[in-house]
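# Mind looking at a prediction? Sequence and model below.
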Amino acid sequence: MDSKQAVQKLRDVVRRKHLALNTEECYCAWLSRYCHFIKVHSSQQPSERKLEAFLTALAKDNGAASTQNQASNAGQSAV
């Protein structure tokens, strides 16, 4: 699945859950950032390790726990 398909799938899930449009846009932006991160830092790591590396990079860049939580929630919403 490419990043555009992943974002569309996330949009479908968020709309099924009747979340706010701002939440949808925010989650889709986080997913796009994550997809870009994976392309740049591609490896043979399992998905959990890739997500951990992404959240760690966010913590180093921004330092805000709320930023990590928001990104993590966006990822969990697709499940």
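Arrived safely, thanks for sending. Residues are numbered from 1 along each chain as shown.

# Quick check: residue 32 vs residue 18, distance?
Remark: distance between residue 32 and residue 18 (C-beta to C-beta, to the nearest Å) = 22 Å. Any C-beta I mention is one placed from the backbone N, CA and C, and that applies to glycine too.

# who's more crowded, these two?
Taking neighbours as other C-beta atoms under 10 Å, residue 32 and residue 18 compare with residue 32 leading, 15 against 6.

# Check what pLDDT that one gets.
The score at residue 32 is 94. That number is its pLDDT.

# Could you check which helix or strand contains it?
Following DSSP states H and E, one finds residue 32 within helix 21-40.

# give me the number of residues near residue 53?
Residue 53 has 15 neighbours, counted by other C-beta under 10 Å.

# distance of it from residue 34?
10 Å.

# about what we covered before: what comes up buried for the helix holding residue 32?
Neighbour counts over helix 21-40 (16 or more other C-beta atoms under 10 Å) mark 24, 26-28, 30-31, 34-35, 37-38 as buried.

# how about it as PDB, C-alpha atoms only?
C-alpha atoms of helix 21-40 as PDB (Å, rounded to 0.1, in the frame of the first residue of the first chain):
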ATOM      1  CA  LEU A  21     -12.800  17.200  10.300                       C
ATOM      2  CA  ASN A  22      -9.900  18.900  12.100                       C
ATOM      3  CA  THR A  23      -9.000  15.600  13.700                       C
ATOM      4  CA  GLU A  24      -9.100  13.900  10.300                       C
ATOM      5  CA  GLU A  25      -6.800  16.500   8.700                       C
ATOM      6  CA  CYS A  26      -4.400  16.300  11.700                       C
ATOM      7  CA  TYR A  27      -4.300  12.500  11.600                       C
ATOM      8  CA  CYS A  28      -3.800  12.400   7.900                       C
ATOM      9  CA  ALA A  29      -1.000  14.900   8.200                       C
ATOM     10  CA  TRP A  30       0.700  12.700  10.800                       C
ATOM     11  CA  LEU A  31       0.300   9.700   8.600                       C
ATOM     12  CA  SER A  32       1.900  11.500   5.700                       C
ATOM     13  CA  ARG A  33       4.800  12.500   7.800                       C
ATOM     14  CA  TYR A  34       5.200   8.900   9.000                       C
ATOM     15  CA  CYS A  35       5.200   7.600   5.500                       C
ATOM     16  CA  HIS A  36       7.800  10.100   4.500                       C
ATOM     17  CA  PHE A  37       9.900   9.100   7.500                       C
ATOM     18  CA  ILE A  38       9.700   5.400   6.500                       C
ATOM     19  CA  LYS A  39      10.800   6.200   2.900                       C
ATOM     20  CA  VAL A  40      13.800   8.200   4.100                       C
END
